[in-house]
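**Q** sequence first, then the predicted structure:
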Amino acid sequence: MAYTRYRAIVKVLCQECQANVNAKRRIDTDCRRCRFLKYNNVNKLMKFTKFLHTDFPNWAWFNIYEYKKGEPGRKLASYQKGKNEPTDDQI
């Protein structure tokens, strides 16, 4: 079975911002120590979310875009850690 190919952009919080989240304080949205990761070949959303939980426990959110080579693609979905994580492998 062929899966739809997606592009994902993930925000991973730095230690200082994660400490603010744990203390239920505001975070700096323009923090230069936080990282944005880009993955061009995401096929299964549940497996990708599990990967984020194990390798990047400080991830805050990720956006899913349709994959078109050489083009940005349109935004399909947005997910947040602990609030609206994916419940299916496909959108």
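**A** Yep, that arrived.

**Q** for the worst-scoring helix or strand of the chain on mean pLDDT, buried residues please.
**A** For the chain, using mean pLDDT, DSSP states H and E, the weakest element among its helices and strands is helix 15-22, scoring a mean of 86. For helix 15-22, burial by neighbour count (16 or more other C-beta atoms under 10 Å) applies to 17, 18, 20. For the C-beta atoms, the positions are set from N, CA and C on the backbone; glycine is no exception.

**Q** please apply the same query to stretch 72-81.
**A** Neighbour counts over stretch 72-81 (16+ other C-beta under 10 Å) mark 79, 81 as buried.

**Q** any idea how far apart the tips of it sit?
**A** Stretch 72-81 has an end-to-end distance of 24 Å (C-alpha to C-alpha, to the nearest Å).

**Q** can you give me the strands for the chain?
**A** Under the criterion DSSP state E, the chain contains strands at 6-12, 35-42, 59-66, 75-80.

**Q** to residue 91, which of the ones you listed lies closest?
**A** Residue 91 lies closest to strand 75-80 among those, at 5.2 Å (C-beta to C-beta).

**Q** mind showing which ranges of this protein have poor pLDDT?
**A** For the chain, the stretches with pLDDT under 70 are 1-2.
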